[in-house]
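In: Provide a 3D model corresponding to the input given below.
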Amino acid sequence: KGKVDELAAHQKRWGELMNEVATIYANLLAVRTSSARVVSAGRIRTAMGDTIMTVADLENMTEDQLELFANVLHLTDGPADAMRIMKRGWIGKAFGVNLEYWMNSILSGPGTHALNVASTAAKTMLIPGEKAVGGVLGGDPRAVREGLMTYYYMVSSFSDAMRAASKAFMTDRPQLSATHALLRRRAQISGESLGISPEWPILANLIDYAGSRIRLPFRLLTAEDELFKHITYSSVVKARAYQAGLDKGLVGPDLAQYVRKIHDDAFDMAGRGLDPYAVGEAAEGTFQRTLPPGGFANSYLRMAYEHPALRQATPFVRTPTNLFSDSVQRSPLWFLSKRLWGDLRSPNDSVRASARGRLATAQALSVLAGWLAWTGRFTGSAPGNKAQREAWGMSGKRPHSLVFGLDGPEEDRQYVRLQMDPFTPVISIITDFVNMSGEMDDATLDEYATAIVSSIAENLTSKVYLRGLSDFLGAAMKPDRDLKH
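Out: Down below sits the predicted model:
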């Protein structure tokens, strides 16, 4: 009960602070536009006409609504825009219902979840190793120890992570941090979202039940991400606490007790993470890192709020953006990554070590991909020509696949598709380069440049997170493949 009362007090105080922010915002806007906007007694008349936002409005919001308002405010120009977006008309509601159904249909295949688990597990295991390797390359024993201890604490963090994942699935809410879901709204297929009157409880309950079943794929995806986020967060917090304890001269039981205390203090009463660095590492492992402000992807996120139709073509924005960034940083094109250059110059030793580790991964992955391509152990993309593609498929080959049984007859060879981001795009693109270079002469340089772009596009748009955009572009650019029906 004490925690509930404390949460209510925090919620009320948060509302008061937001109202003060809104008041300041309204006053600044009035000065800037030389208007005669009136602000009185904590009541702010926003740019929405007759809409008034007061402390009472914020106090009456549910926890979900407050979280949504804070998230929307992060991407908009102020409280007026945030409130306007939250209060949608019937067109916006129709787009929301269609989008929710569309997104869950994309995520409904078992293969999608298998890919998500495999890729996230690989990335989660890769990050501490890169930090340790980067520490070795930079002569930083603290980074080496932190990376190795992160692996050690992953085992003890698994049971808590499973409980958090289960809770995330049951409640349809992320537990560690909601900041990774700034475009995540309340359930669209629900009685509350559709404005069903309380006088029709049976209808509202039926809609809620249907919506909860439709959202099962998204709830499962949330649970999968929550599992790995909790593993990463807890293990990073404990590893850093272990290092801090050693710096204090603690050993044995005293060190173990210190690590437990730091870990317990790293969660608030609602179970959310309080350590910004560890939260960032958890988001990094699940391809949910916050997009840098001012960038194209972040601007597109804001446009998606204003124009819901954009979400139909691109229902996912953050994940594919981070997938692309991760692939570039671990490829021969690493020098094009602005983030990698920034991390290499970071004042934080752990950040610099991780950046050096990503460079080492890029070199190792390039060598591995080149060897797989030259020895024919990886297939790359299917041919672009329709006739060649059909013949290629008839031979039993599969795109982006490892080849087993090269020493035996061709008909006995096995093709196993490799689906593990961010490694697969890098290996596929390098393989395509190798395959094309073997057939290139001076007269085909232009075709080679075009093929490079095509290979990158093929490997990016094949991701489930770009399903809407790839379907649209594929239908427009390759009607012979995408308009069969």
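
In: Quick check on residue 151: phi, psi?
Out: The phi/psi pair for residue 151 (degrees, to the nearest 10) reads phi -60, psi -40.

In: Distance of the residue lying closest to it once chain neighbours are set aside relative to residue 231?
Out: Computed as Cβ to Cβ, 6 or more residues apart in numbering, the closest residue to residue 151 that is not its neighbour in sequence is residue 128, at 5.4 Å. Every residue, glycine included, has its C-beta placed from N, CA and C. Here residue 128 is placed at a distance of 11 Å from residue 231 (Cβ to Cβ, to the nearest Å).

In: Next one: the residue nearest to residue 151, what pLDDT does it get?
Out: Predicted confidence (pLDDT) for residue 128: 95.

In: What is the neighbour count of residue 187?
Out: Other residues within reach of residue 187, judged by other Cβ atoms under 10 Å, total 20.

In: Please apply the same query to residue 155.
Out: So residue 155, with other Cβ under 10 Å, has 10 neighbours.

In: Can you list the low-confidence ranges for the stretch 151-300 of the chain?
Out: Scanning the stretch 151-300 of the chain for pLDDT under 70 picks out 178-186.

In: ok, which stretches of it are strands?
Out: Remark: no strands are assigned in the stretch 151-300 of the chain by DSSP state E, counting those that start in this stretch.

In: Checking my notes, residue 415 in a strand, right?
Out: Yes. Residue 415 forms part of a strand when assessed by DSSP: H, G, I helix; E, B strand; the rest coil.

In: Show me the beta-bridge partners of it.
Out: Assessed by DSSP bridges, residue 415 has beta-bridge partners residue 403.

In: mind listing what it touches?
Out: If you count contacts by Cβ atoms under 8 Å, 6 or more residues apart in numbering, residue 415 has them with 379, 396-398, 401-404.

In: One more: residue 139?
Out: By Cβ under 8 Å, 6+ apart, residue 139 has no neighbours at all.

In: Let me know the distance separating it from residue 353.
Out: Taking Cβ to Cβ, one finds residue 139 at 10 Å from residue 353.

In: Same check on residue 192?
Out: Using Cβ to Cβ, residue 192 is found at 47 Å from residue 353.

In: out of the two, which sits in the busier spot?
Out: Comparing residue 192 with residue 353 by neighbour count (other Cβ under 10 Å), the higher total belongs to residue 353, at 27 against 15.

In: what pLDDT, on average, does stretch 367-381 get?
Out: Averaged across stretch 367-381, the pLDDT comes to 86.

In: so what does the helix or strand encompassing residue 361 touch, helix or strand wise?
Out: Assigned by DSSP states H and E, residue 361 belongs to helix 349-374. For helix 349-374, the packing partners by 3 or more Cβ pairs under 8 Å, 6 or more residues apart in numbering; DSSP states H and E come out as helix 110-137, helix 141-171, helix 338-344, helix 423-437.

In: Would you mind saying which of the ones you listed lies nearest residue 361?
Out: Comparing these by their distance to residue 361 (Cβ to Cβ), the top pick is helix 110-137, with 5.9 Å.

In: on that earlier part again, show me what counts as buried in the helix holding residue 361.
Out: 350-362, 365-366, 369-370, 372-373 (16 or more other Cβ atoms under 10 Å).

In: just to revisit the earlier point, make TSV from the contacts of residue 415 and add neighbour count and distance to residue 271 to it.
Out: Formatted as TSV, the contacts of residue 415 follow (neighbours: other Cβ atoms under 10 Å; distance: Cβ to Cβ, whole Å):
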residue	neighbour count	distance to residue 271
379	23	45
396	12	50
397	17	48
398	15	43
401	18	41
402	15	40
403	17	46
404	13	45
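
In: Out of those, which comes closest to residue 432?
Out: Closest to residue 432, out of all of the contacts of residue 415 and judged by Cβ to Cβ, is residue 379, at 9.8 Å.

In: any idea how far residue 154 is from that closest one?
Out: 33 Å.

In: still on that earlier bit, using CSV, lay out the helices and strands packed on helix 349-374 together with distance to residue 322.
Out: Conversion of these to CSV gives the following (distance: least, Cβ to Cβ, whole Å):
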stretch, distance to residue 322
helix 110-137, 10
helix 141-171, 20
helix 338-344, 10
helix 423-437, 12
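
In: Which one, of the ones you listed, ends up nearest to residue 102?
Out: helix 110-137 (13.8 Å).

In: Phi, psi for residue 348 please.
Out: According to degrees, to the nearest 10, residue 348 has phi -80, psi 120.

In: Give me the number of neighbouring residues for it.
Out: Residue 348: 10 surrounding residues under other Cβ under 10 Å.

In: Check it and give its pLDDT.
Out: Residue 348 carries a pLDDT value of 91.

In: which residues touch it?
Out: Contacts of residue 348 by Cβ under 8 Å, 6+ apart: none found.

In: ok, now how distant is it from residue 152?
Out: Here the criterion is Cβ to Cβ. By it, residue 348 lies 22 Å from residue 152.

In: my guess is residue 129 contacts residue 147, does it?
Out: Yes. At 6.5 Å, residue 129 counts as touching residue 147 under the criterion of Cβ atoms under 8 Å.

In: Where does the residue lying closest to residue 317 once chain neighbours are set aside fall, secondary structure wise?
Out: Ranked by Cβ to Cβ, 6+ apart and with sequence neighbours excluded, the top spatial neighbour of residue 317 is residue 301, at 5.6 Å. In this structure, residue 301 is located in helix 296-306 according to DSSP H and E.

In: same for that helix, what does it pack against?
Out: Counting contacts by 3+ Cβ pairs under 8 Å, 6+ apart, helix 296-306 is packed against helix 63-75, helix 309-313, helix 318-329.

In: what do you get if the cut-off is 7 Å, keeping everything else the same?
Out: Judged by 3 or more Cβ pairs under 7 Å, 6 or more residues apart in numbering; DSSP states H and E, helix 296-306 is in contact with helix 63-75, helix 309-313.

In: What average pLDDT does the last one get?
Out: The reference is to helix 309-313. Helix 309-313 carries an average pLDDT of 68.

In: Look up how far residue 224 lies from the nearest residue to residue 217 once chain neighbours are set aside.
Out: If you skip the residues right next to it in sequence, residue 217 has residue 107 as its closest partner in space, 3.9 Å away by Cβ to Cβ, 6+ apart. Look at residue 107 and residue 224: by Cβ to Cβ, they are 10 Å apart.

In: Out of the two, name the residue with the larger neighbour count.
Out: Neighbours of residue 107 and residue 224, each counted by other Cβ under 10 Å, are more numerous for residue 107; the result is 22 against 19.

In: List the residues that contact that one.
Out: By Cβ atoms under 7 Å, 6 or more residues apart in numbering, the residues touching residue 107 are 217-218, 221.

In: quick one: which of those has the most company?
Out: Going by other Cβ under 10 Å, residue 221 tops these with 20 neighbours.

In: contact partners of stretch 114-132?
Out: Applying Cβ under 7 Å, 6+ apart, the external contacts of stretch 114-132 come out as 143-144, 146-148, 150-151, 221, 224-225, 228, 231-232, 281, 284-286, 350, 353-354, 357-358, 361, 419-421, 423.
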